[in-house]
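In: Dropping the sequence and predicted coords here.
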Amino acid sequence: MQIRFHLMGTQFLMSESRQAWDSSRKVVARVLEASFPGSDTSIFDSCMGLLIVFNVVLMVVETDQSVDCENCVADWVNTTNDVLLSIYTIEALMRMYVFRGVFFLSVWRVLDLVIVLTGWAGMVLQDLGDTFSQINLLRLFRILRVI
């Protein structure tokens, strides 16, 4: 198998024999790599892109609701944010499992990981008050993945 990754604008290929992989790693790789028939477009990446677009819409709703009152965001918005953070966490873990050390050579994957980790930090630290509310601004970087 050849693993493609970008480093400072240059695409690299890294070869590794899949025969040495355990069966669960092969399955996860197939999920990540599956593409639409007759296309190179990844089904998994397309689904994640749709989730990110939905997340952007949700952030607009959340911002709109918090204009009048900071603590007036509907419970369904907070619950949906938690579910999306869990999905993004699973995505990052899947990619780390398949790509291993090469995962950290992709700027986009590292950015995703930082966003996920700050999301979890924001959840843990939300009880400390407004000091950490700015951490949620990092979620906006997910929009870059759609572009």
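Out: Structure received.

In: Helix or strand: which one has the spatially most central residue of the chain?
Out: The residue lying closest to the centre of the chain (CA atoms, centre = their mean) is Tyr88, at 4.1 Å. Per DSSP states H and E: Tyr88 is located in helix 75-99.

In: Asn55 reaches Leu84, doesn't it?
Out: Yes: using CB atoms under 8 Å, Asn55 is in contact with Leu84, at 5.4 Å. To be clear about C-beta, it is placed using only N, CA and C from the backbone, and glycine gets the same treatment.

In: The two: which is more packed in?
Out: Neighbour count, other CB atoms under 10 Å: between Asn55 and Leu84, Asn55 has more, with 21 against 18.

In: list the contacts for the residue nearest to the centre of the chain?
Out: By CB atoms under 8 Å, 6 or more residues apart in numbering, the contact list for Tyr88 reads 112, 115-116, 119, 142.

In: what about Val116, distance to Val27?
Out: To Val27, Val116 is 22 Å away according to CB to CB, to the nearest Å.

In: re the thing from before, turn the contacts of Tyr88 into a markdown table, columns for secondary structure.
Out: Putting the contacts of Tyr88 into a markdown table (DSSP: H, G, I helix; E, B strand; the rest coil) gives the following:
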| residue | secondary structure |
| --- | --- |
| Asp112 | helix |
| Ile115 | helix |
| Val116 | helix |
| Gly119 | helix |
| Arg142 | helix |
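
In: of all those, which two lie farthest apart?
Out: Asp112 and Gly119 (10.5 Å; CB to CB).

In: quick revisit: state the pLDDT value of the residue nearest to the centre of the chain.
Out: Looking at Tyr88, its pLDDT is 95.

In: swap in Leu125?
Out: Leu125 carries a pLDDT value of 75.

In: and the host helix or strand of it with helix 75-99, angle?
Out: Using DSSP H and E, Leu125 sits within helix 107-125. Put simply, helix 107-125 runs at 140 degrees to helix 75-99, going by axes from the mean of the first three to the mean of the last three CA atoms, to 10 degrees.

In: Show me which residues of helix 107-125 are buried.
Out: 109, 112-113, 115-116, 118-119, 122 (16 or more other CB atoms under 10 Å).
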